[in-house]
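J.: Below is the sequence, then the predicted model.
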Amino acid sequence: MTQSNLHVAIIMDGNGRWATARGLPRAAGHQSGAEALRRIVEAAPACGVDILTVYAFSSDNWKRPPLEVETLMALLAWYLENETSRCLANGVRMTIIGRRDRLPDSLVERIDAAERATRACARLELRIAIDYSARDEILSASRRATHLADAEQLTRQRFEELLGETRPVDVLIRTGGEQRLSDFLLWECAYAELVFTNRMWPDFQPADLAHAVREFAHRERRYGAVPQPPEVVHDHWLR
Ligand code: IPE
Ligand code: IPE
Ligand code: MG
């Protein structure tokens, strides 16, 4: 079964361990991780993905050594600048989620430029999470909600609009062997199917994405209901 209109989210983990295992500095793992992202973005539409949300830098990643943080900021700026023309050519719209007020000015400029240049692209939406924390997003949406005149106006749909409009995640993939969410898309993943793989992110291939999507296609999403094929119900009442 070919799936379409999938929202896939990826926690791109394992860059550091990938590099260390090869006797390389962690920065080399992040560089290879950026190349993996380019491959996966190119492969995503053919796998039925139309929204791809990737975790590039968590708000907790500020705790890392300053040199690693600086390297990551520079790499993200380089990625955005370097990939804009490729994204334009491939119909990929880039949007960046997360806080911007703590990012270096040069990165914020690249973010603005990449978003502006690819605004009209509609084949794939690539959402890159930078300085992102799902709990902080939920908190700030809650703060915005306090401006509503009446608490009853705060429906689930309204809250989702305040969170920043997107669809629920269908498949969440985490590479690198850990099985946790690390504060990523907590609301949007309420009914996401989780796929964990031991593969380190720099080794992740389009075939791995296709495999995850195929695995998703075989899962039954029940959303709390009891699965009951309609014909079974019919048979019962006709007898
Ligand atoms: C993911 O790889 C990239 C970021 C968090 C920025 P890591 O840097 O966390 O790699 P490991 O988990 O240490 O191997
Ligand atoms: C999550 O990975 C963040 C990104 C992949 C950007 P981490 O490596 O920071 O997560 P923890 O610390 O293992 O939970
Ligand atoms: Mg990690």
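T.: Done, it's in. Residues are numbered from 1 along each chain as shown. Ligands and ions are numbered 1, 2, ... in the order given.

J.: contacts, neighbours, all on C-alpha from now
T.: Noted.

J.: M200: what's it in contact with?
T.: Contacts here follow Cα atoms under 8 Å, 6 or more residues apart in numbering; on that basis M200 touches 13-15, 17-18, 175-177.

J.: near ligand 1, which of these show up?
T.: Checking the contacts of M200 against ligand 1 by Cα under 6 Å from any ligand atom, the ones in range are 13-15, 17.

J.: out of those, which one sits closest to E81?
T.: Minimum distance to E81 across the ones next to ligand 1 among the contacts of M200 is 21.2 Å, recorded for N15 (Cα to Cα).

J.: Is that closest one in contact with F204, as I believe?
T.: No. Using Cα atoms under 8 Å, N15 is not in contact with F204, being 10.7 Å away.

J.: what about these two, which has more around it?
T.: Set side by side, N15 and F204 show more neighbours around N15, with 23 against 20, by other Cα atoms under 10 Å.

J.: what's the nearest residue to that one if we skip its chain neighbours?
T.: G29 (4.4 Å; Cα to Cα, 6 or more residues apart in numbering).

J.: And the contacts of the one helix or strand the one you found maps to?
T.: Counting by DSSP states H and E, the element that carries G29 is helix 26-43. Outside helix 26-43, the residues within contact range by Cα under 8 Å, 6+ apart are 12, 15-20, 52, 68, 71-72, 75, 79, 83, 90, 126, 201-206, 209.

J.: Contacting ligand 2 as well, which ones from these?
T.: Among the contacts of helix 26-43, the residues that sit close to ligand 2 (Cα under 6 Å from any ligand atom) are M12.
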